[in-house]
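Chemist: Next comes the sequence, and after it the predicted model I'd like to discuss.
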Amino acid sequence: MKGGKSKAAEAKKADSNARLSVKKKGAAAVGKKTTKKEKAAKDPNKPKRPASAFFVFMEEFRKQYKEKHPANKSVSVVGKAGGDKWKSLSEAEKAPYVAKAEKRKTEYNKSMQAYNKRMEEDDEE
């Protein structure tokens with residue numbers, strides 16, 4: 001049997017093909033109905049979540065970076081530079097940003113409690 005394939009080799013090839021197969025959205029998917037669930041409408045009165053310590057830092061960093069590099073228009077370059085700077089900061093240097101973020105979080109929690117209270121009152125009516 002010159003050049004013949006063994007049953008084990010054929011089974012192995014079929015198994016690897018089965019793992020590599022990808023579902024195609026061609027003729028097979030045409031008959032199926034796709035139903036998308038609609039997202040619940042967002043309440044415009046709901047308070048926005050507070051910024052993390054990194055984003056508080058980035059607010060200040062963007063201003064400084066634009067002053068030093070006025071010709072730069074790339075958002076990604078500013079983001080990468082800010083991320084690198086944040087990573088290089090020590091815990092003591094990050095502390096003021098963490099404190100600002102905590103303050104914003106407590107304000108957010110207060111406003112969320114007030115918001116939830118208003119929502120409960122509206123539901124009762």
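Modeler: That came through, no problem.

Chemist: which stretches of this structure aren't confidently modelled?
Modeler: 1-34, 125 (pLDDT under 70).

Chemist: residues touching Trp86, list them.
Modeler: The contact partners of Trp86, by CB atoms under 8 Å, 6 or more residues apart in numbering, come to Phe54, Phe57, Met58, Phe61, Lys94. Just so you know, the C-beta spots here come from the backbone N, C-alpha and C atoms, and that holds for glycine as well.

Chemist: Where neighbours are concerned, which of those has the most?
Modeler: Phe57 (23 neighbours; other CB atoms under 10 Å).

Chemist: Okay, and that one sits in which element?
Modeler: In this structure, Phe57 sits in helix 53-68 according to DSSP states H and E.

Chemist: which element follows that helix toward the C-terminus?
Modeler: Next along from helix 53-68, by DSSP H and E: helix 75-88.

Chemist: Select the longest helix from this protein.
Modeler: helix 91-124 (DSSP state H).

Chemist: can you give me the angle that helix makes with helix 75-88?
Modeler: 120 degrees (axes from the mean of the first three to the mean of the last three CA atoms, to 10 degrees).

Chemist: In terms of secondary structure, what does helix 91-124 contact?
Modeler: helix 53-68 (3 or more CB pairs under 8 Å, 6 or more residues apart in numbering; DSSP states H and E).

Chemist: can you list contacts of the helix holding Phe57?
Modeler: Here helix 53-68 has contacts from 51, 72, 78-79, 81-82, 85-86, 89, 94, 97-98, 100-101, 104, using CB under 8 Å, 6+ apart.

Chemist: which among those end up buried?
Modeler: Ala51, Val78, Ala81, Gly82, Trp86, Lys94, Tyr97, Lys100, Ala101, Arg104 (16 or more other CB atoms under 10 Å).
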